[in-house]
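[1] attaching a predicted model along with its sequence, questions to come.
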Amino acid sequence: GDATEGFDPQHFLGEWLDNLGHKIVVSSVSERLGRNQRPGRAPPRLAFTANLQKVGVPDKRFRISLDKWQQWRCGNGTLVPEE
């Protein structure tokens, strides 16, 4: 099945810690498909921004969004649901 089945992407929202010592803050954004779309024509696509913070290291920002295969992606990685 696809990554959207039975998964509420609102679970991405919030503050997290990874195993490399980053604090990760995920917030919601909406993006419109296509640069030349008129407002109101294309529905907003659900997307998120992940901001990775670590003392002494510049912040890193990544987009979390669905790709054309309906898989959630963060940066150049695919988010795989646990079984």
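    All right, it came through fine. Residues are numbered from 1 along each chain as shown.
[2] and the strands in this structure?
    Assigned strands in the chain, in chain order: 14-17, 23-31, 45-54, 57-66, 72-74, 77-78 (criterion: DSSP state E).
[3] for stretch 20-36, what is the average pLDDT?
    In this model, stretch 20-36 carries a mean pLDDT of 78.
[4] swap in stretch 73-83?
    Across stretch 73-83, pLDDT averages out at 83.
[5] in the sheet, who's paired with the closest residue to residue 60 other than its chain neighbours?
    Spatial nearest neighbour of residue 60, excluding adjacent residues (Cβ to Cβ, 6 or more residues apart in numbering): residue 52 at 4.3 Å. No exception for glycine: its C-beta is placed from N, CA and C like everyone else's. Beta bridges link residue 52 to residue 24, residue 60, judged by DSSP bridges.
[6] can you check residue 77 too?
    According to DSSP bridges, beta-bridge pairing links residue 77 with residue 74.
[7] neighbours of it, how many?
    10 (other Cβ atoms under 10 Å).
[8] state the pLDDT value of residue 7.
    82.
[9] that one: what's it in contact with?
    Residues in contact with residue 7 (Cβ atoms under 8 Å, 6 or more residues apart in numbering) are residue 81.
[10] how close does it get to residue 23?
    24 Å (Cβ to Cβ, to the nearest Å).
[11] who's the most centrally placed residue in the chain bridged to?
    In the chain, the centroid-proximal residue (Cα atoms, centre = their mean) is residue 64; its distance is 1.7 Å. Going by DSSP bridges, residue 64 is paired in beta bridges with residue 48, residue 74.
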